[in-house]
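Trainee: Sharing a model prediction with you, sequence too.
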Protein chains: 2
Amino acid sequence: MPEDTTSTWENAREDFVAQWGALGSHWGINRTMAQIHALLMTAPEPMYTDEIMEKLTISRGNANTNLRELVGWGLIQIVHRKGERREYFQAEKDVWKMVVTIARERKRREIVPALEVLKSCAERTKEESGGPGREFHQQMKELQEFVEFGIKVADTVVSMKHASALQWAMKLLG
Amino acid sequence: MPEDTTSTWENAREDFVAQWGALGSHWGINRTMAQIHALLMTAPEPMYTDEIMEKLTISRGNANTNLRELVGWGLIQIVHRKGERREYFQAEKDVWKMVVTIARERKRREIVPALEVLKSCAERTKEESGGPGREFHQQMKELQEFVEFGIKVADTVVSMKHASALQWAMKLLG
DNA sequence: ATCTTCTTTCAGATAATCCTGAAACTACAA
DNA sequence: TTGTAGTTTCAGGATTATCTGAAAGAAGAT
């Protein structure tokens, strides 16, 4: 087996990393952060900063910032090897756990603040007695209730174990 | 009632527009596009380009581009008034329909292409007999199946009428 | 055909985001 | 204390996304 050429799985991995990065940037997630995540998701062993820098050809600062960010999201963990000082990083590989984590974080960071604004918009216009003001109020309330309901459903699903969620979804499809 | 000050509901509306814009940009949607959408969602009457330009203080080119984009997403419609040549725009106000539209478009534009890459990654590594290559293959397959399953669930939910979806969700919540 | 009103396009300007690299920092070891 | 290995920070640079405005295009009205 030639050692100087990249193996098939490593080529596929590079495509995966690139696509994950592109997907991230369409969903408001920094491309590099998504790429690091993809890299760690598919890493046979935990990796350390310099390996990641080299694989993605990015600077130390960039790698460090995005690794911290990923730790902040709870998508990767720092692990230590006995006798070694440097930090290694590993990603959660279970897809369901990953999705749950992302859902929790996005809710906390984006949905809840948006909901607060909807509530405030509804509250401030509740005295509107007619016309456009009243219509606006109704609309904000409707939107608020929809989001609150959506949060409840998401919370329920996300608190399930993978198997339960699967079973539940199968029933829906059946 | 003083006519020279902005009414309460219009202040609330401005907050809503701003927040919707911010939310959009956290989810990979151009801020202006989201703002125009918010503006039209809360417009008592269909609006035309110049009104939108003024409300959001944006250029004609920007307004036009993002209005077309919104039409492309199916989130707003062009309407004509009899005897008038210019185009008016109105947004779908039903929240459920709106969510369904967004889900359909994002699936088509982002999820399906990403799925193709997963499939290709899995396909290209199916011969890997062991070690990291095999692990990678398994992971891609798992991810692919998860996404395909997610798409099925989403399609099912999205094809429901609002009332059915609500009923179904209520049962889930217990 | 020419005018008028409205729409579209796009090159260049602007703004938002992201990245680099070097210096500062931390902590353990000798 | 000095050295070494690793981590963090952040000012300035690079890149990408977005916006402007003016010119060109379209189509009904006269």
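Mentor: Great, that's in hand.

Trainee: Enumerate the residues of chain A near DNA strand C.
Mentor: Contact residues (C-beta under 7 Å from any atom of the strand) of chain A with DNA strand C: A:30-32, A:57-62, A:65-66, A:85. C-beta coordinates here come from the backbone N, C-alpha and C atoms, glycine included.

Trainee: Just the buried subset of the residues you listed, please.
Mentor: Buried members of the residues of chain A next to DNA strand C, scored by 16 or more other C-beta atoms under 10 Å in any protein chain shown, are A:31-32, A:58, A:62, A:66.

Trainee: What about these, which are in helices?
Mentor: A:31-32, A:62, A:66 (DSSP state H).

Trainee: what sits up against stretch A:8-27?
Mentor: A:6, A:30-35, A:37-39, A:41-42, A:56, B:27-28, B:109-110, B:114, B:117-118, B:120-121, B:124-125, B:127-128, B:132-133, B:136-137, B:140 (C-beta atoms under 8 Å, 6 or more residues apart in numbering or on different chains).

Trainee: Which secondary structure element is home to the closest residue to A:Gln144 other than its chain neighbours?
Mentor: Among residues not flanking A:Gln144 along the chain, A:Leu118 sits closest, at 4.3 Å (C-beta to C-beta, 6 or more residues apart in numbering or on different chains). Per DSSP states H and E: A:Leu118 is located in helix A:112-124.

Trainee: Can you spell out which helices and strands pack onto that helix?
Mentor: helix A:131-158, helix B:8-26 (3 or more C-beta pairs under 8 Å, 6 or more residues apart in numbering or on different chains; DSSP states H and E).

Trainee: Go through the shortest one and flag the buried ones.
Mentor: Using 16+ other C-beta under 10 Å as the test for burial, helix B:8-26 gives B:9, B:12-14, B:16-17, B:19-26.

Trainee: In CSV, list these along with distance to B:Ile78 and pLDDT.
Mentor: CSV is the format used below for the buried residues of helix B:8-26 (distance: C-beta to C-beta, whole Å; pLDDT from 0 to 100):
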residue, distance to B:Ile78, pLDDT
B:Trp9, 26, 95
B:Ala12, 27, 97
B:Arg13, 22, 97
B:Glu14, 25, 97
B:Phe16, 23, 98
B:Val17, 21, 98
B:Gln19, 26, 96
B:Trp20, 21, 96
B:Gly21, 22, 97
B:Ala22, 27, 96
B:Leu23, 25, 96
B:Gly24, 21, 96
B:Ser25, 25, 94
B:His26, 28, 95
